[in-house]
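S.K.: I need the structure of the sequence given here:
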Amino acid sequence: MKKIFYLFLLCFTTQAFAQIKFTNPILAGFYPDPSITKVGSDYYLVNSTFSYFPGIPVFHSKDLKNWKQIGNVIERNSQMTFLGDGTSRGLFAPSINYHKGTFYMTCTNIDKGGNFVMTAKNPAGPWSDPVWLREVRGIDPSLFFDEDKAYIVYNSDAPDNKPLYSGHRTIRTYEFDPATLKVKGEEHLLVNGGVDISKKPVWIEGPHIFKRGDWYYICAAEGGTSVNHSQVILRSRAANGPYVPYEKNPILTQRDLDPNRANPITSTGHAELVEGPDGKTYAIFLAVRPYEGNFYNTGRETFIAPVKWTNGWPVINPGLKEVQYQYSADYKEIKQAGAPPQNGNFSYRTTFDKDLDPSLLFLRKNDSSWYKLDKKNGLTMKLKPETCMEKTNPAFLGKRQQHMFCSASTALHFLPKSENEKAGFMIFQGEFNFYFMCKSIKENAAVIQLFKGDKATNKMVLLTELPLPNSSADLQLEIEAKGGLYDFKYRQGNSGDWLMLKKDVDGKYLSTQAAGGFIGSLFALYATSSGQPSDNTASFKWLDYSGNDKIYHSK
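M.R.: Residues are numbered from 1 along each chain as shown. I've put the predicted structure just below:
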């Protein structure tokens, strides 16, 4: 009897120990267009970065929950830069695959060269220079390896470049040679318009082909990447079709739900399916978390949901209408040593002693001539004439906003010499959708200022300005996000109460709804001489971040 009891206890303990809980989004903040591949027991995931540099982060996980960034695909200026590109241009929708010892990453540089492929033996890098695929006309390329053949599948133009309606697109494929990295043979049209062209479906995109049993599947997004986003599935007995859509499409969408529901997750789509450690199927996809209506500042994020197979068809988030903030599975969690947290509420400090955190972002290229790192001063930037309102490479380094409710702060050492010299902390969504809190001088006296970007004038507009009693003292700056409102605070020295520079500033100005495009907001360290030459510098000792979204308090 005791043996039976202990056996039961062992089974119960093992089962309880094996329970893993996912918290959505699994990659919080501006991590859109996820693509994932499994290699043995390891998972690798990439995201779009548009015109930020380095481009295309590479994440590693053992359990689909805990992710560690191990590198970036685009990390050398010789691979490509994005000078002249707007913040929502550049790199669209990468896809990562693995075949016979080599990792492949396909992507679109939307304005400079189109589609390309890069390879690496180690997903952490280094990655090769891009090989351009001129025949592949469209966006969102993805590879599929099928025994002795390979294919590249992508979103392309309407047949004969004659769309029947706005948003009419197609899914096409070429055979692909993984040795020469070239396409071969004839282009094949796989999907025209979408699931049902009679209903005028729009923006069929982000396609992935995979095989399960004797069936080939195309998993693709429809409806555009906003509130009408959805995921659809089609299948065929041959890689080149013909493909038949699932009669119960879409297999994922949130567009039909009450927009006034509590804690909404919206705009779900751009999914890729992957086998989990338990042998079951999971979907990795993008979605957003609005704080009101369709207003969100965190950008499109990476989510997970379970998949159920029914009569040979996959359904994402089975039995539920709303995508959940938490799911569980019956396998062991494996944490990533030394990795900053990526989901739920968290706080941590980024320092600049030696190497830059790989998640930090420059605008358009990495020019190490204007900054240096050391333990004493942290990150020291030269004041550059370039500004963040130009499509250049200003003295700018950003960290993603990953929560609706959060705060970020830094310690600044800066002695301005003229009124055009400004250095400080900003919340940045695009060239003109930003707020900049900075130290400067006015009439030879030190001041702290808050500016707002203004597209109408191509300039910054001064919102408020206060004198700084001690012109030589170091300054700490804090920005607090409260959904659609932001507070801007400061203090001189390393202690004492925070002083409010301006409270409840309109945060909707930073939303995708207001600014357009495809990116999320960044907290950024920024220094500029506003178009004038300067030999001055500004130093940032550290960058603190703390997230506090209410949805996670009870999880």
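S.K.: all strands for the stretch 151-300 of the chain, in order.
M.R.: Here the stretch 151-300 of the chain has its strands, by DSSP state E, counting those that start in this stretch, at 170-177, 182-192, 205-212, 215-222, 230-236, 244-245, 252-253, 266-275, 281-288.
S.K.: Next, format those strands as TSV and append mean neighbour count, distance to Pro259 and mean pLDDT.
M.R.: In short, each C-beta sits where N, CA and C put it, glycine included. Listed next are the strands of the stretch 151-300 of the chain as TSV, based on neighbours: other Cβ atoms under 10 Å; distance: least, Cβ to Cβ, whole Å; pLDDT from 0 to 100:
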stretch	mean neighbour count	distance to Pro259	mean pLDDT
strand 170-177	22	30	98
strand 182-192	16	29	97
strand 205-212	22	24	98
strand 215-222	24	20	98
strand 230-236	23	16	98
strand 244-245	14	27	98
strand 252-253	26	13	98
strand 266-275	24	8	98
strand 281-288	24	13	98
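S.K.: Tabulate those (TSV), appending distance to Ile70.
M.R.: Below are the strands of the stretch 151-300 of the chain laid out as TSV (distance: least, Cβ to Cβ, whole Å):
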stretch	distance to Ile70
strand 170-177	26
strand 182-192	29
strand 205-212	22
strand 215-222	26
strand 230-236	27
strand 244-245	37
strand 252-253	28
strand 266-275	18
strand 281-288	17
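S.K.: which regions of this structure lie under the pLDDT threshold?
M.R.: For the chain, applying pLDDT under 70 flags the ranges 1-18, 555.
S.K.: That one: helices as residue ranges?
M.R.: Counting by DSSP state H, one finds helices in the chain at the ranges 2-17, 512-515.
S.K.: Which one of the strands of the stretch 151-300 of the chain lies nearest to Arg76?
M.R.: strand 182-192 (23.1 Å; Cβ to Cβ).
S.K.: C-alpha coordinates for the closest one, PDB please?
M.R.: Extracted as PDB, the C-alpha positions of strand 182-192 are listed here (Å, rounded to 0.1, in the frame of the first residue of the first chain):
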ATOM      1  CA  LYS A 182      19.000  31.300 -56.300                       C
ATOM      2  CA  VAL A 183      15.500  30.500 -57.500                       C
ATOM      3  CA  LYS A 184      15.000  28.200 -60.400                       C
ATOM      4  CA  GLY A 185      12.300  27.100 -62.800                       C
ATOM      5  CA  GLU A 186       9.000  28.900 -63.300                       C
ATOM      6  CA  GLU A 187       7.000  31.000 -60.800                       C
ATOM      7  CA  HIS A 188       3.800  29.300 -59.600                       C
ATOM      8  CA  LEU A 189       0.700  31.100 -58.500                       C
ATOM      9  CA  LEU A 190      -0.700  29.400 -55.400                       C
ATOM     10  CA  VAL A 191      -3.400  31.600 -54.000                       C
ATOM     11  CA  ASN A 192      -5.200  34.400 -55.800                       C
END
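S.K.: Pull up the pairing partners for that strand, direction included.
M.R.: Strand 182-192 pairs in its sheet with strand 170-177 (antiparallel), by DSSP bridges.
S.K.: closest to Trp542 out of the strands of the stretch 151-300 of the chain?
M.R.: The closest of these to Trp542 is strand 281-288. By Cβ to Cβ, the value is 29.6 Å.
S.K.: So Thr512 versus Phe30, what's the distance?
M.R.: From Thr512 across to Phe30, the span is 10 Å (Cβ to Cβ, to the nearest Å).
S.K.: residues shared between the contacts of these two?
M.R.: Gly299, Ile519, Gly520 (Cβ atoms under 8 Å, 6 or more residues apart in numbering).
S.K.: can you redo these as CSV with neighbour count and distance to Pro416?
M.R.: Shown next, in CSV, are these (neighbours: other Cβ atoms under 10 Å; distance: Cβ to Cβ, whole Å):
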residue, neighbour count, distance to Pro416
Gly299, 26, 32
Ile519, 26, 30
Gly520, 24, 30
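S.K.: What is the nearest of the residues you listed to His413?
M.R.: The shortest approach to His413 among the shared contacts of Thr512 and Phe30 belongs to Gly520, at 28.9 Å (Cβ to Cβ).
S.K.: show me the contacts for that closest one.
M.R.: Residues near Gly520 by Cβ under 8 Å, 6+ apart: Gly29, Phe30, Tyr296, Asn297, Thr298, Gly299, Arg300, Glu301, Arg400, Gln401, Gln429, Thr512.
S.K.: How about it, nearest residue that isn't a chain neighbour?
M.R.: What sits nearest to Gly520 in space, not counting adjacent residues and going by Cβ to Cβ, 6 or more residues apart in numbering, is Gly299, at 2.1 Å.
S.K.: Next one: the one you found relative to Leu510, how far apart?
M.R.: Distance of Gly299 to Leu510, given as Cβ to Cβ: 10 Å.
S.K.: Can you check which residues contact both of the two?
M.R.: Counting by Cβ under 8 Å, 6+ apart, the contacts common to Gly299 and Leu510 are Ser521.
S.K.: Quickly note the distance from the nearest residue to Asn109 once chain neighbours are set aside to Lys112.
M.R.: Leaving out its chain neighbours, the residue that sits closest to Asn109 by Cβ to Cβ, 6+ apart is Leu91, at 6.0 Å. To Lys112, Leu91 is 10 Å away according to Cβ to Cβ.
S.K.: More neighbours: the two, which one.
M.R.: For Leu91 versus Lys112, neighbours defined as other Cβ atoms under 10 Å are more numerous around Leu91 (26 against 16).
S.K.: For that one, name its beta-bridge partners.
M.R.: According to DSSP bridges, the residues that bridge with Leu91 are Phe50, Asn109.
S.K.: Going along the chain, name the strands of the stretch 401-550 of the chain.
M.R.: 405-414, 422-428, 434-442, 445-454, 459-467, 475-482, 485-492, 499-506, 522-528, 537-547.
S.K.: Lovely, talk soon.
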